[in-house]
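Asks: Sequence unavailable; structure follows:
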């Protein structure tokens, strides 16, 4: 979840190629092979400095991807209320 939070903040993120594609929510997130070596990782990280990504759009994009703590909290609350109603019958 740290990767989702970092993307919500609009930060460039670098994930290993062992992480599934679902983590790539923003254009400034990428996967790099663990076999690539230090130089390739460093090259990708330094190249990200040249990308002018908006740090304000990240939260909206992440929310639209289904990562919204408020919406999920409401769903969980409804689930618990429903379970409590069934148990009370």
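Replies: Yep, that arrived. All values derive from a computational prediction rather than experimental measurement.

Asks: Other residues contacting the longest helix along the chain?
Replies: Secondary structure of the chain per DSSP state H: the longest helix is helix 69-88. Helix 69-88 is contacted by residues residue 63 when judged by Cβ atoms under 8 Å, 6 or more residues apart in numbering. In short, each C-beta sits where N, CA and C put it, glycine included.

Asks: Distance from the chain centre to that helix, please.
Replies: Chain-centre distance of helix 69-88: 25 Å, with Cα atoms, centre = their mean, to the nearest Å.

Asks: repeat for stretch 36-49
Replies: 20 Å.

Asks: which parts of that stretch are buried?
Replies: Neighbour-count burial for stretch 36-49 flags residue 48 (criterion: 16 or more other Cβ atoms under 10 Å).

Asks: what does it rub up against?
Replies: Applying Cβ under 8 Å, 6+ apart, the contact partners of stretch 36-49 are 12, 14, 28, 30, 32, 33.

Asks: For the longest helix of the chain, the averaged confidence score.
Replies: For helix 69-88, mean pLDDT rounds to 93.

Asks: try stretch 24-38
Replies: In this model, stretch 24-38 carries a mean pLDDT of 92.

Asks: And that stretch, end to end?
Replies: Terminal residues of stretch 24-38 are spaced 21 Å apart (Cα to Cα, to the nearest Å).

Asks: From here on, call the first residue 59.
Replies: Taking 59 as the first residue, the last one we looked at is stretch 82-96.
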